[in-house]
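Engineer: Return atomic coordinates for the entry below.
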Amino acid sequence: MTDAYRASIRIEATPDDVFPYLTDPALMVRWMGEWADLVPEPGGTFALDIRGFPVRGEYRTIEPPHRVVFTWGAPGNGAVPPGSSTVEVTLTADGDGTVLHLEHRDLPPEAVPGHGLGWDHYLPRLAVAGAGADPGADPGHLSGKAPSLRPR
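Structural biologist: Numbers count the residues shown, from 1 in each chain. Prediction:
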């Protein structure tokens, strides 16, 4: 049995401005992770190291500037091994901004809360970076400073 985490957040930038933060390694690490190897094409590499935690998968769908789908998992993690879960991000224009909807699915139920904590921490950082500001140094999602997101 699997489950999903869902969240939405508004970003003060257009989908054209936000989309590269999901596909460009230099922009990805501005809001999440310290290192990224991203090949944004179907079957292309999605590799990210987040505070020493490796995430590995592959891009499944790239539809600039509105949708990206990639797989997600961690080497050595029996519950969520590389490529075993799926992250789908949609970007919808909303006036001068964008509403980002994220669904992280195919997770074992016991893995949803931890992944939710991570996304609750990193999506607001994406909102800051995507709007052209500096989210600052990443204190990590275990800092207890994760703001709430709009439920979806």
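Engineer: what comes up buried for stretch 41-61?
Structural biologist: Of all the residues in stretch 41-61, those buried under the rule 16 or more other C-beta atoms under 10 Å are 45-48, 50, 54-60. Every residue, glycine included, has its C-beta placed from N, CA and C.
Engineer: ok, now stretch 12-21?
Structural biologist: For stretch 12-21, burial by neighbour count (16+ other C-beta under 10 Å) applies to 12-15, 17-19, 21.
Engineer: among these, which two are most distant?
Structural biologist: Comparing every pair within these by C-beta to C-beta identifies E12 and F19 as the most remote, at 14.9 Å.
Engineer: where does this protein have low pLDDT?
Structural biologist: Scanning the chain with the threshold set as pLDDT under 70 gives 1-2, 141-152.
Engineer: Show me where it has its strands.
Structural biologist: With strands called from DSSP state E, the chain shows them at 3-11, 35-38, 45-50, 53-63, 67-72, 85-94, 97-107.
Engineer: out of the ones you listed, nearest to A127?
Structural biologist: strand 3-11 (4.7 Å).
Engineer: and the closest one with strand 97-107, angle?
Structural biologist: 170 degrees (axes from the mean of the first three to the mean of the last three C-alpha atoms, to 10 degrees).
Engineer: Against which helices or strands is strand 3-11 packed?
Structural biologist: Judged by 3 or more C-beta pairs under 8 Å, 6 or more residues apart in numbering; DSSP states H and E, the packing partners of strand 3-11 are strand 97-107, helix 112-130.
Engineer: Run through who's touching the shortest one.
Structural biologist: When you say that, I think you mean strand 97-107. Under the criterion C-beta atoms under 8 Å, 6 or more residues apart in numbering, residues 2-15, 17-18, 72, 80, 84-92, 115, 119, 123, 126-127, 130, 152 lie in contact with strand 97-107.
Engineer: Just the buried residues from those residues, in PyMOL please.
Structural biologist: Restricted to the buried members of the contacts of strand 97-107, where burial is judged by 16+ other C-beta under 10 Å, the PyMOL selection command reads as follows:
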select buried, resi 4+5+6+7+8+9+10+11+12+13+14+15+17+18+72+80+84+85+86+87+88+89+90+91+115+119+123+126+127+130
